[in-house]
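Student: Kindly generate the corresponding structure for this input.
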Amino acid sequence: MNTLSDKITKIELPTPFKVGKVNAYIVKGEKLTLIDCGPKTEEAHRVLVDHLHAHGISIHDIEQIVLTHYHPDHVGGLGYFDIASLQVISSEKSIPYLEQNEEFYSERKMFYESIYKKMGVSPHLIPAELEKTNEYLSYSAKIKPDIVLKDGDEVPGLSGWTVIETPGHSPDHISLFHKESGVMVGGDFLIAHISSNALIEPPLQANLPRPKPLLEYRTSFKKVAELGVSIVYSGHGKEITAVGQLIEERLEAQDERANRLYELIVGEHTAFELCQKLFSHIYLWELDLTMSETIGHLDLLEEWGAIAKKDKNGITHYTRTKHGVNT
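Tutor: Okay, the predicted model is just below:
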């Protein structure tokens, strides 16, 4: 008897990033669907073509590509497809990232420059961090989605599959859920061997407040925990079957890091000072990731009422409150 898993084929693709290989998935439905497609490198494309061929599929047989989120290791491979011959499906929130709107990316650069300064990052470190974005985008693809979906929408060409919005790792992140079988294709929402970073991002509209991705991530975790997911096909690494248990572990780890950060707040500190304490061995090499982690957990402590912040000469400083930590 065929199961839904028989219709899902995982393809591991190489990336130039520290995360290592990324998973793309072929799903056989009314339309032959590829979920995510690797970075824009000739090596990744060659591996994809070879793996498809091994399963009796030509790259030209792909009828649609669904993107879980805009990060280059998941979308860049689109640059090697004949886009006119298939449909590209994404979240509506992915549009400015995928289209690489110049105004949006210019505002995005200014956002990072502003928030790094506001969080007390040493000025001489900021230019190199901003340059990383340009290098990162070189592995992406500039495309306009044909179909955009939102939470609860059915995926065209894949009957029984619906979109679950799972922001946190990225603001546009979606997972695909097959309720009848409990199967989820989850992108980077949940990864077995590592915890996905809740990356700081600018608002999608300039007049909106800064998103708080770690808080969004925690909401996504709790939302998925209630769905009865039996297996997650992840964007990196192996499949996850103890879904509820792993979600609980991720939430507990976030609580533990927030408590550890709270203990470091003696007197007044900027986020950058706390980042140096929390990630003393790696912050210089991974400033974007470590600052995202630090700011995210400060957001969590602030939500708990454990800390307060105040502005001093344009720089945010954090102090403990009398309320303390109460998770």
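Student: And the next helix or strand past the helix or strand of the chain with the lowest mean pLDDT?
Tutor: Across the helices and strands of the chain, the lowest-confidence element by mean pLDDT, DSSP states H and E is helix 126-137, at a mean of 85. For helix 126-137, the following helix or strand on the C-terminal side (DSSP states H and E) is strand 147-149.
Student: That next one pairs with which strands?
Tutor: strand 87-91 (parallel) (DSSP bridges).
Student: got the buried residues for the least confident helix or strand of the chain?
Tutor: Y136, L137 (16 or more other Cβ atoms under 10 Å). No exception for glycine: its C-beta is placed from N, CA and C like everyone else's.
Student: Against which helices or strands is it packed?
Tutor: helix 102-118, helix 287-304 (3 or more Cβ pairs under 8 Å, 6 or more residues apart in numbering; DSSP states H and E).
Student: Only C-alpha atoms, please: export it in CSV.
Tutor: The C-alpha trace of helix 126-137 is given here as CSV (Å, rounded to 0.1, in the frame of the first residue of the first chain):
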residue,chain,number,x,y,z
ILE,A,126,29.3,47.6,10.9
PRO,A,127,30.5,48.1,7.2
ALA,A,128,31.7,44.5,7.0
GLU,A,129,28.3,43.2,8.3
LEU,A,130,26.5,45.2,5.7
GLU,A,131,28.7,43.9,2.9
LYS,A,132,27.8,40.3,3.9
THR,A,133,24.3,40.9,2.6
ASN,A,134,25.5,41.6,-0.9
GLU,A,135,27.6,38.5,-0.9
TYR,A,136,24.7,36.4,0.4
LEU,A,137,22.4,37.7,-2.3
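Student: contact partners of that helix?
Tutor: P72, Q100, Y105, R108, K109, Y112, E113, Y116, K117, V121, L287, D288 (Cβ atoms under 8 Å, 6 or more residues apart in numbering).
Student: what inclination does that helix have with respect to helix 102-118?
Tutor: Put simply, helix 126-137 runs at 140 degrees to helix 102-118, going by axes from the mean of the first three to the mean of the last three Cα atoms, to 10 degrees.
Student: list the contacts for the nearest residue to L301 once chain neighbours are set aside?
Tutor: Computed as Cβ to Cβ, 6 or more residues apart in numbering, the closest residue to L301 that is not its neighbour in sequence is I307, at 4.6 Å. I307 sits next to Y262, I265, L298, L301, Y318, T319, R320, T321 when contact means Cβ under 8 Å, 6+ apart.
Student: Just the pLDDT for the last one.
Tutor: We have a pLDDT of 94 for T321.
Student: helix/strand/coil for the residue nearest to it when sequence neighbours are not counted?
Tutor: Leaving aside its sequence neighbours, T321 sits nearest to A308 (Cβ to Cβ, 6+ apart; 5.2 Å). Applying DSSP: H, G, I helix; E, B strand; the rest coil to A308 yields a three-state assignment of strand.
Student: was I right about A308 contacting T316?
Tutor: No: using Cβ atoms under 8 Å, A308 makes no contact with T316, being 10.6 Å away.
Student: and the two? which has more neighbours close in?
Tutor: Remark: of A308 and T316, T316 carries more neighbours, 19 against 14, as counted by other Cβ atoms under 10 Å.
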